[in-house]
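Asks: below: sequence and its predicted model.
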Amino acid sequence: MSATKAVSAWAAGWPKLAAVQKAAQTNGGFIHRRFGDAVTSRYIPLGLACASTVFLVPGLFSMYLGINKVDE
């Protein structure tokens, strides 16, 4: 494929992108990942919350019981 054909094929998607952006900007309400997928809007935050819980619960438990307390 020549460079000119590649550039014209790449530029063909711009009107679609502009239409999606215009539709998102004209909507007056709050939009959270309206045009996104479920992985980035649901599963990644859920995974981060689960991972933080795994580290937070044992820390709170040991703090409550006084385990690993450093006395100076």
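Replies: Yep, it's here.
Asks: what's the neighbour count on residue 40?
Replies: 10 (other Cβ atoms under 10 Å). Backbone N, C-alpha and C define where each C-beta goes, glycine included.
Asks: residue 64 and residue 52, how far apart?
Replies: Taking Cβ to Cβ, to the nearest Å as the measure, residue 64 falls 18 Å from residue 52.
Asks: nope, residue 24 is what I meant
Replies: In terms of Cβ to Cβ, residue 24 sits 30 Å off from residue 52.
Asks: same thing with residue 22?
Replies: 37 Å.
Asks: try residue 39
Replies: Applying Cβ to Cβ to residue 39 and residue 52 gives a distance of 19 Å.
Asks: contacts for the longest helix seen in the chain, please.
Replies: What stands out as the longest helix in the chain, according to DSSP state H, is helix 44-65. Helix 44-65 is touched from outside by residue 68, with contacts defined as Cβ atoms under 8 Å, 6 or more residues apart in numbering.
Asks: hmm, 10 Å instead?
Replies: If you take Cβ atoms under 10 Å, 6 or more residues apart in numbering as the criterion, helix 44-65 is touched by 38-39, 67-69.
Asks: now the residues you listed as CSV including secondary structure, distance to residue 10 and pLDDT?
Replies: Formatted as CSV, these follow (DSSP: H, G, I helix; E, B strand; the rest coil; distance: Cβ to Cβ, whole Å; pLDDT from 0 to 100):
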residue, secondary structure, distance to residue 10, pLDDT
38, helix, 28, 69
39, helix, 25, 71
67, coil, 59, 87
68, coil, 57, 80
69, coil, 61, 76
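Asks: just the closest of those residues to residue 9, please.
Replies: For the contacts of helix 44-65, the residue nearest residue 9 by Cβ to Cβ is residue 39; the value is 27.3 Å.
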